[in-house]
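Novice: Give me a model of this one.
(chains A, B and C)
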Amino acid sequence: MKERIEKVVGNKANQVWAGTFHSTFAKILRVEAEKIGYPSNFTIYDTDDTKNLIKAVIKDMNLSKETYNTNAIYSRISSAKSSLVTPKLYPQVQELMLQDRANRRPYIHEIYSKYTARCKKAGAMDFDDLLFQLYYLLHLNPDNVLDKYRKKFKYVLVDEFQDTNYLQYAILKKLTKYEGSKQNLCVVGDDAQSIYAFRGATVDNILNLSTDYPSLKTFKLEQNYRSTEHIVQAANAIILFNKKQIQKKIWSDKGKGHKIKVIKCAADTEEGKRVADAIIEQKTRLHISNSDIAILYRTNSQSRIFEEYLRRFNINYKVFGGTSFYQRKEIKDLLGYLRLTINHQDEEALKRVINYPKRALGKTTVDKIAALAASTGLTMWDCLTQVEVPARTKDLLKKFKLLIENFAQRSATVDAYELATYVARQSGLINRLKADTTIEGLGRLENVTSLLDGIKEFVENDEVIEGAIESDRGIATYLQNIALHTNMDEEEEGNYVTLMSTHSAKGLEFKSVFVVGLEESLFPSFMSMGTQAGLEEERRLFYVAITRAEELLTLSFATSRYRHGKTNYPDPSRFLAEIPAIHLETTYNNAPQAANIAPRARVSGVKRVRKQAILKIDTANFRASPASEIKEGMKVLHKKFGEGKVVKIDGARDKIATIHFHQIDNSERRLSLKFAKLQILE
DNA sequence: TGACTGTGGGTTTTT
DNA sequence: CCCACAGTCA
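Specialist: Now for the predicted structure:
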């Protein structure tokens, strides 16, 4: 998105804040947190941290973990927050209390309340807090912070508006709807593509818009510029099966195009092979390249089979989403140390690293600390030296505390990369990993190394973000970035087939799309098939999936599938039967006919916007020159942007150089000389 | 304290 | 099938 903006307005794009709701608000909170009683270096709890903390609270309250299922409680708390129900308010909302009582879980409000207190004590916000706390910041309006952001964001644009929830909309209203506001709000959305109801998104936000903004102007975008007619019409036909929808007729003038192909397979493994076969065929007969192809599936675990065959066929691919890099144990361990270093109160981080690598501080000791913390109201960190334990353990605890304090001291003087490297070594993590010489062990060590590389890259990114409140390269900002990292961030230059979940594919497009695993219970998922609303959301998801295709759409299903240790024999998805036969190349019940794709029919289309090429620069011979020697008119070399000419230098103390880089995209970039590593060429 | 073993349960999508 | 967790024993 930022790259597209830059193409239109040039370098000024730097001044635009563009990001997810979560990342944008986290950026604000990083500056304003202290106004609402959080430290500015607050931790962001991810789903694992959140669930672990909920588990701990349930245990502390001596409630049965069968009745109080962690996932159920989490979603209860999350939706309460997303509807602006505070822990205090919760017991007063009859509807919620009645539901809880009906489910025999009357103590949810207490868990919610204790959970919230623990987060606050730990200086931590969960994903929902980034919205919730921001709302309260604007609502309580200390130091007239509301005015500051209203002035700052004179124009607000929201994409994929159908996926916003009540709370996000409430925040938007705070920012754009007030006495004297120009109400410069522009939203783009499609109710047919609403696929996040499970996390609180509501189409009501679209419907309420004209009430909240009476001068609203609506523009219907009914022309599809992406796909050919068979695909568009099939999509139209499918969405008609939903009762709840805003009427519209999408059309395309890109010609009939290819019909939709359906592949029937005897087994999930065969599906992998047949899809790989079809990809080879498209590549050779239609000259489609890897980067024009995507395989979309309902669940991330389906990727494995396709990976296997793509590898076997030597087709380059990249899997997005799933268990992300940042969720791997070894990565979370190192991040845990870093989190604890910048925020000692972070309980989840402390529990994670206190005995890893082994320091003889096991369950008994940790339980004692946790109990003391619960009874005194102190944080676990403070209890490290207070808890009553044998003298030997006392020493070990002291040593651990000193270790972390040493990291913290060091963080004041070195950059994030040096700190992380130091922590990785001094904590014993590296040695522990090195001791494991299995293939997996080597992989884990490699992961840690590439995490360190990532931090290095982050530190060396010296471009000035204008209009940003801070352009911070500290470890706190780094941790925030990765906590809110989306899998779009992983997109990189290269000619690979894309493998991702249908959810992740929203907003993207490919010449050729394979939607796989079209079986009852899988797509639609058995989790949502039961209710009309659930089923309609699955159908919208299918709608999203097939409308990613520009020219070629292939659907596949298997009649037997191995899942959770058992072989299942699913029926084909009902969605297949909802596609009018006229758009299908073959009826999937019959044996496949010979493909009627005209040979050498070259596929055309707009090239997808890709990340700009990264210059290959000989980093081995790169030697940064001292900032003080950089003068206007000099020719300099930058590790990422290549050669450039210093156009001008502004500022007295914090000097900012405007440099014209001709190798990368012929643009001017403003770099802070405080951070910039430039080598003087002449 | 920590390694080891067996049991049992869940099982989707994402910030 | 895979993971988490409880219980056992040195």
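
Novice: Residue ranges in the stretch 551-682 of chain A under the pLDDT threshold?
Specialist: A:587-621, A:640, A:651-654, A:664-667, A:674-675 (pLDDT under 70).

Novice: Strands of that one, start to end?
Specialist: For the stretch 551-682 of chain A, the strands defined by DSSP state E, counting those that start in this stretch cover A:561-563, A:566-568, A:635-638, A:642-650, A:656-661, A:667-672, A:678-680.

Novice: Let me have those in a markdown table, extended by mean neighbour count and distance to A:Leu479.
Specialist: No exception for glycine: its C-beta is placed from N, CA and C like everyone else's. Below are the strands of the stretch 551-682 of chain A laid out as a markdown table (neighbours: other CB atoms under 10 Å; distance: least, CB to CB, whole Å):
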| stretch | mean neighbour count | distance to A:Leu479 |
| --- | --- | --- |
| strand A:561-563 | 16 | 36 |
| strand A:566-568 | 11 | 41 |
| strand A:635-638 | 21 | 26 |
| strand A:642-650 | 16 | 30 |
| strand A:656-661 | 20 | 26 |
| strand A:667-672 | 18 | 21 |
| strand A:678-680 | 19 | 28 |
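
Novice: Pipe the ones you listed into JSON lines and attach distance to A:Ala549 per row.
Specialist: Below are these laid out as JSON lines (distance: least, CB to CB, whole Å):
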{"stretch": "strand A:561-563", "distance to A:Ala549": "24"}
{"stretch": "strand A:566-568", "distance to A:Ala549": "28"}
{"stretch": "strand A:635-638", "distance to A:Ala549": "40"}
{"stretch": "strand A:642-650", "distance to A:Ala549": "37"}
{"stretch": "strand A:656-661", "distance to A:Ala549": "37"}
{"stretch": "strand A:667-672", "distance to A:Ala549": "34"}
{"stretch": "strand A:678-680", "distance to A:Ala549": "45"}
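
Novice: Tell me which of these lies nearest to DNA strand B.
Specialist: Nearest to DNA strand B among the strands of the stretch 551-682 of chain A is strand A:561-563; the distance by CB to the nearest atom of the strand comes to 6.6 Å.

Novice: Run through who's touching the closest one.
Specialist: Here strand A:561-563 makes contact (CB atoms under 8 Å, 6 or more residues apart in numbering) with A:267-268, A:517, A:519, A:522, A:567-570.

Novice: Now the buried members of the residues you listed.
Specialist: A:268, A:517, A:519, A:522, A:568, A:570 (16 or more other CB atoms under 10 Å).

Novice: For the residues you listed, work out which two are farthest apart.
Specialist: A:Gly517 and A:Asn568 (11.7 Å; CB to CB).

Novice: The residue of the stretch 351-500 of chain A found nearest DNA strand C and A:Ala416: what is the separation?
Specialist: Closest contact between the stretch 351-500 of chain A and DNA strand C, by CB to the nearest atom of the strand, is at A:Lys363 (9.2 Å). Shown here: A:Lys363 relative to A:Ala416, a distance of 33 Å by CB to CB, to the nearest Å.

Novice: okay, the two: which has more neighbours?
Specialist: A:Ala416 (22 against 8; other CB atoms under 10 Å).

Novice: What score does the residue nearest the centre of chain A have for pLDDT?
Specialist: Using CA atoms, centre = their mean, the residue of chain A that lies closest to the mean C-alpha position is A:Thr486, 2.3 Å off. Per-residue pLDDT puts A:Thr486 at 73.

Novice: Skip the chain neighbours and tell me the closest residue to it.
Specialist: A:Thr20 (6.5 Å; CB to CB, 6 or more residues apart in numbering).

Novice: Could I get the contacting residues of the nearest residue to A:Phe557 once chain neighbours are set aside?
Specialist: Excluding the flanking residues, the one nearest A:Phe557 by CB to CB, 6+ apart is A:Leu518, at 4.2 Å. The neighbourhood of A:Leu518, defined by CB under 8 Å, 6+ apart, consists of A:555-557, A:572-573, A:575-576.

Novice: Out of the strands of the stretch 551-682 of chain A, the one nearest A:Ala370 is which?
Specialist: Per CB to CB, nearest to A:Ala370 of the strands of the stretch 551-682 of chain A: strand A:561-563, 38.0 Å.

Novice: Centre of the chain to that closest one, how far?
Specialist: 28 Å (CA atoms, centre = their mean, to the nearest Å).

Novice: And stretch A:140-151, by the same measure?
Specialist: Here the centre of stretch A:140-151 is set off from its chain's centre by 28 Å, with CA atoms, centre = their mean.

Novice: list the buried ones in it?
Specialist: A:145-146, A:149-150.

Novice: quick one: the closest residue to DNA strand C within the stretch 451-600 of chain A and DNA strand B, what's the gap?
Specialist: With CB to the nearest atom of the strand as the measure, A:Gly565 is the residue of the stretch 451-600 of chain A nearest to DNA strand C, at 2.5 Å. Computed as CB to the nearest atom of the strand, to the nearest Å, the A:Gly565 to DNA strand B distance reads 6 Å.

Novice: Now that residue. Its backbone dihedrals?
Specialist: phi 80, psi 0 (degrees, to the nearest 10).

Novice: next one: A:Ala373
Specialist: phi -60, psi -40.

Novice: correct me, but it touches A:Met380?
Specialist: Yes - the pair A:Ala373 and A:Met380 qualifies as a contact (CB atoms under 8 Å) at a distance of 4.7 Å.

Novice: Common neighbours of these two, please.
Specialist: Common neighbours of A:Ala373 and A:Met380, counting by CB under 8 Å, 6+ apart, are A:Glu347.

Novice: Need the residues that contact stretch A:189-207.
Specialist: A:78-79, A:82-83, A:158-169, A:187, A:239, A:242, A:244-246, A:248, A:502-503, A:506, A:528, A:533, A:537, A:540-541, A:543-544.
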